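Engineer: Give me coordinates for this.
(2 chains)
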Amino acid sequence: METNNTETKQEKIRKFDTKVQYLKYKVLREVAKQAFAGTLPYNVLDIPKIIVPGKTPTMRCCVYKERAILAERVKLAMGGNKENPNVIEVIDIACDECPAAGYEVTDSCRGCLAHRCEDVCKRGAISFDHNHVAHIDKSKCVECGQCAKVCPYSAIQNRKRPCQNACKVKAIKINEENAAAIDNEKCISCGACVYQCPFGAIMDKSYILNVIDMLKKSKAGKCGNVYAVVAPSISSQFVYAKLPQVVSGLKELGFHTVIEAALGADMVAVEEAKELAEKGFLTSSCCPAFVKFIKTQFPQMAEHISHNMSPMGVIARYIKETDKDAKVVFIGPCTAKKAEFQLEGVREYVDSVMTFEELAALFDSCEIDLASLPDSYLDNASYFGRIFARSGGLSDAVAESLKEQGIDFEAKPERCDGIEACKMALLKASKGVLNANFIEGMACMGGCIGGAGCLTHGEKNKLEVDAYGREALEKTILDAVSVTKL
Amino acid sequence: MKVTVCIGSSCHIKGSRQVVERLQKLIAEKGLGDSVELGGTFCMGKCQQGVSCTVDGEFYSVSPETVDTFFEEKIVTPLTK
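Structural biologist: Numbering: from 1, shown residues only, chains lettered A, B, ... in the order given. The predicted model follows:
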C-alpha cells in the first residue's frame, strides 16, 4: 500500500500542477485503457470503483459520492453530454457550492476611526454598528473592491468563487441549486475555470474515444493514416522525457507521423502579413477563444478578424491535400480548440482534438514508457512558427513575415496577453483610440503555454518554447513554408 | 508523371527542402511543368532512406547531392523515351 502511495506521489509530481488534474488523468487513462482493449462497454460502470476501491473516502464525505462524481467524469471522458453544445461542462454534484457573497467585512475589522472604507465608497454602501465595525449594504455595493484595497487591516475580503474569479468573460452564474452554471453564449471555452476549480467540478469534454477508434481502425486498415499535429507548446510539457521521445511515443500509439502545428503557423504568418498590409487593420484568428469573444462581445469588430484559419486548420487542410484519406488529430494545450474543430469550415480538415493531459493518459494507458524510447525527429517549422505558442510570438512572426516578403507596411501590434487585455484592446479599437493596427489576441495568460490542457504551467515554459524555436532547422518563415507550395 | 517528395521531419532534416527547390528549378528549366506533377507528402515510412521520393509510386532515395542525377535518370529519361 505504501509503495503504491509513493508511486502515486511521484506520478503526480512528475506530471501535473494539481491533484485535480491527476484525478482527471486517472479517469482518462482508465477509459483509454478499456477502449484500446475493446472492453469499455463491459467495464464502464466499474471504472469509478477501480479508481476509488475500498470503503475509506479520500476526497469527499463518502466513497459513494466520490464514485458518483467519478461516474460523471467517466461520462465526460467519453464525450460528455451530446445535448450540450459547449465543450466545457459543470459536474453539478461535484460543485462544492463555495461561498459567493462578494465583498464582506471579516472579524479583522478593528472598528478604527479613519473609516477609509466609507470615504472611498462612491455608493455609500458602508455603515458602522455601535462598535464602529463596518458593514456592507449588499443592495448598494457594486463590487468595485475599493474598500478592500484601502483597509489597513485587510479586513475586507472578496468572497468569490474560484470559477467566477477565473472566468474573465463573466460566463459563470450560480443556479437555483447554488451550483455553478455556464452561460454557453458568453463562454469562450478557454478552460480557465476547468484549471482553477479546486474541486474539479468543471471539465472539458474529451474526444479520446474518437481518437482511439481512428487509431484502431487505421491499424486494421479500415481507415487512412492518422496524423498527429502537435502544438509548439508541447516543448514545455513532457518534462519526464525528451520531445523526440514524445514523437516516438505518438508513433507507438499508432499515429502515422507527427507534424508541427507551427508549420501551419508559418503558413498563417505569410498570409496574415499580406492581409494586414491590404486591410490596414486586423485582429488575429489563431486563438479560437479570442475569436468567439469578438463575435459575441464585439460583433461590430468581427469584420476585422483575419480570414485565415488558425494554424491547426491550415496545416490540417494541407495534410489532406497531400493525402486525401488522412485523419488529422490536433494535440495541444487548448480546450477551445475542441470547440473550434467542430465549426463549419474546420471540421472538414480536423478530425479530432486532444489536450496534452489526454495524451499523457493515452501514453500511460498503453504503458508506453517515453523515457525508454529512441528519438524521432520533429522539424517542420521555423523559429517564428514555433513561438506562436507564447504571447507576443504571433506579432513577431507577422512583422518578420512582412520583412521577408518585402511588403512595405509597418505592423504596430498590440500584444494582448489574456482575455482581459484583449477586451481592453477591442474596446479601444471599437472607439477608434487604439494606437495599433494589429491585435494579437490570446485568451490565456502567457499565450497557449498557459492553456488549460497543459500538464504544467509556469514561467519556465516560455523559455522552453523559445529554446525549442531556436533549434528549428529553418531560420526563416519563407524557407519553412517553401515545401508546402508544391 | 507524378513525383512526390517526402517533407516530413526526418526527410526535412536530410534536405528535402533543397531537393524540392532543385526539382522545381530543373523542371522549370527543362520546361517539363506540364508533364511532371510535383507534390509533397508527410512520411512514406522509410525514414532511414530519406529523402524519400516516389515517381509514379516507385520509391527512390534521394539527397541534395544526388537530386540532379535522379532528375535526369528517373524523370527526364523516361519522359523522353
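Engineer: does A:C197 really touch A:P162, like I thought?
Structural biologist: Yes - the pair A:C197 / A:P162 is scored as a contact, 5.9 Å apart, by CB atoms under 8 Å. Yep, even glycine has a C-beta here, placed from its N, CA and C like the rest.
Engineer: which one of the two has more residues nearby?
Structural biologist: Using other CB atoms under 10 Å in any protein chain shown as the criterion, A:C197 and A:P162 rank with A:C197 on top: 25 against 19.
Engineer: which stretch of helix or strand covers the residue nearest to the more buried one when sequence neighbours are not counted?
Structural biologist: Spatially, and ignoring its direct neighbours in sequence, A:C197 is nearest to A:C163 (5.1 Å; CB to CB, 6 or more residues apart in numbering or on different chains). Following DSSP states H and E, one finds A:C163 within helix A:162-166.
Engineer: CA atoms only: put that helix into PDB for me.
Structural biologist: Extracted C-alpha coordinates of helix A:162-166, given in PDB (Å, rounded to 0.1, in the frame of the first residue of the first chain):
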ATOM      1  CA  PRO A 162     -12.600  30.400  -7.900                       C
ATOM      2  CA  CYS A 163     -14.500  29.600 -11.100                       C
ATOM      3  CA  GLN A 164     -16.100  33.000 -11.300                       C
ATOM      4  CA  ASN A 165     -12.800  34.600 -10.500                       C
ATOM      5  CA  ALA A 166     -11.100  32.600 -13.300                       C
END
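Engineer: buried sites along it?
Structural biologist: Using 16 or more other CB atoms under 10 Å in any protein chain shown as the test for burial, helix A:162-166 gives A:162-164, A:166.
Engineer: Any residue of the helix with the most length in chain B touching chain A?
Structural biologist: Using DSSP state H to define each element, chain B has its longest helix at helix B:16-29. Yes - Helix B:16-29 reaches chain A (CB under 8 Å from any CB of the partner chain) through B:16-17, B:20-21.
Engineer: which one of those has the most neighbours?
Structural biologist: Top of the residues of helix B:16-29 next to chain A by neighbour count (other CB under 10 Å): B:V20, with 27 neighbours.
Engineer: which parts of chain B sit against chain A?
Structural biologist: B:5, B:7-10, B:12-13, B:16-17, B:20-21, B:38-43, B:45, B:47.
Engineer: Going by neighbour count, which of the residues you listed are buried?
Structural biologist: By neighbour count, with 16+ other CB under 10 Å, the residues of chain B next to chain A hold B:5, B:7-10, B:12, B:16-17, B:20-21, B:38, B:40-43, B:47 as buried.
Engineer: so of these, which ones are in strands?
Structural biologist: B:5, B:38, B:40-41 (DSSP state E).
Engineer: Out of these, which two are the most distant from each other?
Structural biologist: Spatially, the most separated pair among those is B:L38 and B:T41, at 11.3 Å (CB to CB).
Engineer: Mind listing the shared neighbours of these two?
Structural biologist: Residues touching both B:L38 and B:T41 (CB atoms under 8 Å, 6 or more residues apart in numbering or on different chains): B:4-5.
Engineer: Which of the helices and strands in chain B ranks last by mean pLDDT?
Structural biologist: Across the helices and strands of chain B, mean pLDDT, DSSP states H and E gives its lowest value to helix B:77-80, namely a mean of 88.
Engineer: how many other residues sit next to A:E89?
Structural biologist: 20.
Engineer: One more: the one 3 residues further on?
Structural biologist: The number of residues packed around A:D92, counting by other CB under 10 Å, is 15.
Engineer: Over to the one 4 residues further on?
Structural biologist: A:D96 has 15 neighbouring residues, counting by other CB under 10 Å.
Engineer: for the stretch 51-200 of chain A, what are the low-confidence residue spans?
Structural biologist: Along the stretch 51-200 of chain A, no part satisfies pLDDT under 70.
Engineer: Try it again at 80.
Structural biologist: Residue ranges of the stretch 51-200 of chain A with pLDDT under 80: A:101.
Engineer: residues in contact with the residue in it that chain B sits nearest to?
Structural biologist: Closest contact between the stretch 51-200 of chain A and chain B, by CB to the nearest CB, is at A:V87 (27.6 Å). Residues near A:V87 by CB under 8 Å, 6+ apart: A:80, A:189, A:204-205, A:335-336, A:338-339.
Engineer: What of A:S189?
Structural biologist: Neighbours of A:S189 in contact, by CB under 8 Å, 6+ apart: A:86-88, A:204, A:288-289, A:292, A:335-336, A:338-339.
Engineer: In strands only, show me those.
Structural biologist: Those of those lying in strands (DSSP E): A:88, A:204.
Engineer: got a markdown table for the contacts of A:S189, with distance to A:A421 too?
Structural biologist: Formatted as a markdown table, the contacts of A:S189 follow (distance: CB to CB, whole Å):
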| residue | distance to A:A421 |
| --- | --- |
| A:N86 | 24 |
| A:V87 | 24 |
| A:I88 | 21 |
| A:D204 | 23 |
| A:P288 | 17 |
| A:A289 | 13 |
| A:K292 | 16 |
| A:T335 | 20 |
| A:A336 | 17 |
| A:K338 | 24 |
| A:A339 | 21 |
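Engineer: I'd like the list of the contacts of A:S189 that fall within helices, please.
Structural biologist: A:288-289, A:292, A:336, A:338-339.
Engineer: Let me see the confidence value for A:V483.
Structural biologist: pLDDT recorded at A:V483 is 89.
Engineer: A:I13 too?
Structural biologist: A:I13 is assigned a predicted lDDT (pLDDT) of 51.
Engineer: ok, now the one 3 residues further on?
Structural biologist: The per-residue pLDDT reported for A:F16 equals 84.
Engineer: What values do phi and psi take at the closest residue to it other than its chain neighbours?
Structural biologist: Nearest non-adjacent residue to A:F16, counting by CB to CB, 6+ apart: A:Y22, 4.9 Å away. Dihedral pair for A:Y22: phi -60, psi -40, per degrees, to the nearest 10.
Engineer: Could you do B:K2 as well?
Structural biologist: phi -110, psi 120.
Engineer: Neighbours of it, how many?
Structural biologist: Residues contacting B:K2 under the criterion other CB under 10 Å number 11.
Engineer: Next to chain B in this structure, residues from chain A, please.
Structural biologist: Taking CB under 8 Å from any CB as the criterion, chain A approaches chain B at residues A:227, A:247, A:256-260, A:319, A:322-323, A:376-380, A:473-474, A:479, A:482-484, A:486.
Engineer: can you do 6 Å?
Structural biologist: A:257, A:259, A:322, A:377-380, A:482-483, A:486 (CB under 6 Å from any CB of the partner chain).
Engineer: want to throw those into JSON lines with distance to A:V105 and neighbour count?
Structural biologist: What follows is these, written out as JSON lines (distance: CB to CB, whole Å; neighbours: other CB atoms under 10 Å in any protein chain shown):
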{"residue": "A:T257", "distance to A:V105": "61", "neighbour count": "27"}
{"residue": "A:I259", "distance to A:V105": "57", "neighbour count": "26"}
{"residue": "A:T322", "distance to A:V105": "65", "neighbour count": "18"}
{"residue": "A:Y377", "distance to A:V105": "61", "neighbour count": "19"}
{"residue": "A:L378", "distance to A:V105": "56", "neighbour count": "28"}
{"residue": "A:D379", "distance to A:V105": "59", "neighbour count": "20"}
{"residue": "A:N380", "distance to A:V105": "58", "neighbour count": "29"}
{"residue": "A:S482", "distance to A:V105": "65", "neighbour count": "18"}
{"residue": "A:V483", "distance to A:V105": "65", "neighbour count": "23"}
{"residue": "A:L486", "distance to A:V105": "68", "neighbour count": "19"}
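Engineer: Quick one: mark the members of the residues you listed that sit in strands.
Structural biologist: Per DSSP E, the residues of chain A next to chain B map to strands at A:257, A:259.
Engineer: Sort out for me which of the residues of chain A next to chain B are in helices.
Structural biologist: Using DSSP H, the members of the residues of chain A next to chain B that fall within helices are A:322, A:482.
Engineer: No further questions, thank you.
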